[in-house]
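S.K.: Sequence plus predicted model, see below.
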Amino acid sequence: HLLLLPALLFDAAHGYLGRLDDSPMDGAKNRALRLVLCVDEARLVLSYQQQSLIGLVRESRSKGGVVMFISQSPDDFDQKTENFLENIGLTLCFRTAARSTALTSLLGQQVDLNGLKNGTCVTRLSGSGLSRIKAFSFES
């Protein structure tokens, strides 16, 4: 059965952004954000292939929409009918033991994510290739 609350939220967000003009840009061509949608435990939601969520991922950038997915495994994004990885603009990968061919394709090379330290992530930034970034640290 479809998760009702997320389905209604995705439908409403997709309809709202679809009625808007493109989001304004500043002098550096950065778009103004109008809506940030964060989906934790993405595997539960992505498996339903809901059309309004797919539309948000594919179409919302120009309208000022951002969709953020959080998951324990990169394989959660490798769906049979919809390739969500094609539309991800920024990927932050923290430590995981999961190995994924989809993730290797996205990052451009195989990366040992299991060897990352706490608070360190791997990402591919435009023009600079693969980068390790200290995202946070714990104070003792």
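M.R.: Now that the structure is in, tell me what you want to look at.

S.K.: For the protein, which segments count as helices?
M.R.: Under the criterion DSSP state H, the chain contains helices at 4-18, 42-46, 51-59, 101-107.

S.K.: To Gly89, which of those helices lies closest?
M.R.: Closest approach to Gly89 among the helices of the chain (C-beta to C-beta): helix 51-59, 10.2 Å. From N, CA and C alone the C-beta is placed, and that goes for glycine too.

S.K.: Only alpha carbons, please: show the helix or strand of the chain with the lowest mean pLDDT as PDB.
M.R.: Of all helical and strand segments in the chain, the minimum by mean pLDDT, DSSP states H and E falls on helix 101-107, at a mean of 77. Once non-C-alpha atoms are left out, helix 101-107 reads as follows in PDB (Å, rounded to 0.1, in the frame of the first residue of the first chain):
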ATOM      1  CA  THR A 101      27.900  -0.100  -9.100                       C
ATOM      2  CA  ALA A 102      25.500   2.800  -9.400                       C
ATOM      3  CA  LEU A 103      27.500   4.800  -6.800                       C
ATOM      4  CA  THR A 104      30.800   4.000  -8.600                       C
ATOM      5  CA  SER A 105      29.200   5.300 -11.900                       C
ATOM      6  CA  LEU A 106      28.000   8.400 -10.100                       C
ATOM      7  CA  LEU A 107      31.300   9.200  -8.500                       C
END
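
S.K.: Does Leu90 touch Val122 like I think?
M.R.: No. Leu90 is beyond contact range of Val122, at 11.9 Å (criterion: C-beta atoms under 8 Å).

S.K.: Which of these two has more residues huddled nearby?
M.R.: When Leu90 and Val122 are compared for neighbours, Val122 comes out ahead with 19 against 10, by other C-beta atoms under 10 Å.

S.K.: Kindly state the pLDDT recorded for that one?
M.R.: Looking at Val122, its pLDDT is 91.

S.K.: Tell me where this structure is predicted with low confidence.
M.R.: 1-2, 140 (pLDDT under 70).

S.K.: what about the strands in it?
M.R.: Secondary structure of the chain by DSSP state E: the strands cover 35-39, 65-69, 120-125, 129-134.

S.K.: ok so, going back, can I get the helices of the chain in TSV with distance to Phe84 and mean neighbour count?
M.R.: As requested, the helices of the chain are exported to TSV (distance: least, C-beta to C-beta, whole Å; neighbours: other C-beta atoms under 10 Å):
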stretch	distance to Phe84	mean neighbour count
helix 4-18	14	15
helix 42-46	6	18
helix 51-59	6	18
helix 101-107	9	16
